[in-house]
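J.: structure, please.
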Amino acid sequence: MSAEPRCREMTDGLRHDTLPAMPPDALKTAVKLAIASLIVGLALSFFGVTPQALLHSFGRTVVDIYDAVLSFLTWAIKYVLIGAVVVVPIWLAAVLWRLASRKR
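T.: This next block holds a predicted model:
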């Protein structure tokens, strides 16, 4: 019994590895991720955040982010509702005005 070869010959005469090919944009994506990571790392370093501190307090960080988002939403909903009292009737009047002018 012979083992299946790791490489196979393709129609172009070259040998290609049987492992799945890397997507064509993988290198471009990796470079973009590296640049974004560098920028974020520099920004975090500016604020004194270290990788050790970030990993140590990761669970707490998630809770803090959740609390901040919830606090923002709680704050924003009040103002959205106040604005909607004015904006929605004006929008509705404009829609009705356009519908009425189309029928003429």
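J.: next one: Gly41 from Leu54, what distance?
T.: Gly41 sits 10 Å away from Leu54, going by Cβ to Cβ, to the nearest Å. (C-beta placed from N, C-alpha, C; glycine too.)
J.: same question for Leu33.
T.: Remark: distance between Leu33 and Leu54 (Cβ to Cβ) = 17 Å.
J.: and Arg98, by the same measure?
T.: Arg98 sits 53 Å away from Leu54, taking Cβ to Cβ as the criterion.
J.: could you do Ala68 as well?
T.: Distance, Ala68 to Leu54, using Cβ to Cβ: 16 Å.
J.: go on, Leu44?
T.: 7 Å.
J.: top helix in the protein by residue count?
T.: helix 58-103 (DSSP state H).
J.: what residues does stretch 54-69 touch?
T.: Outside stretch 54-69, the residues within contact range by Cβ atoms under 8 Å, 6 or more residues apart in numbering are Leu44.
J.: roughly how far out does that stretch sit from the chain middle?
T.: 18 Å (Cα atoms, centre = their mean, to the nearest Å).
J.: now it - C-alpha only, PDB.
T.: Output of stretch 54-69 as PDB, limited to C-alpha atoms (Å, rounded to 0.1, in the frame of the first residue of the first chain):
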ATOM      1  CA  LEU A  54      -5.500  45.000  29.300                       C
ATOM      2  CA  LEU A  55      -5.500  41.200  29.500                       C
ATOM      3  CA  HIS A  56      -5.600  41.200  33.400                       C
ATOM      4  CA  SER A  57      -8.700  43.500  33.400                       C
ATOM      5  CA  PHE A  58     -10.300  42.200  30.200                       C
ATOM      6  CA  GLY A  59     -13.400  40.900  32.000                       C
ATOM      7  CA  ARG A  60     -13.800  44.100  33.900                       C
ATOM      8  CA  THR A  61     -13.300  46.000  30.600                       C
ATOM      9  CA  VAL A  62     -16.200  44.200  28.900                       C
ATOM     10  CA  VAL A  63     -18.400  45.100  31.900                       C
ATOM     11  CA  ASP A  64     -17.300  48.700  31.800                       C
ATOM     12  CA  ILE A  65     -18.000  48.900  28.000                       C
ATOM     13  CA  TYR A  66     -21.400  47.400  28.500                       C
ATOM     14  CA  ASP A  67     -22.200  49.900  31.300                       C
ATOM     15  CA  ALA A  68     -21.000  52.800  29.200                       C
ATOM     16  CA  VAL A  69     -23.100  51.700  26.200                       C
END
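J.: please consider this matter closed, and thank you.
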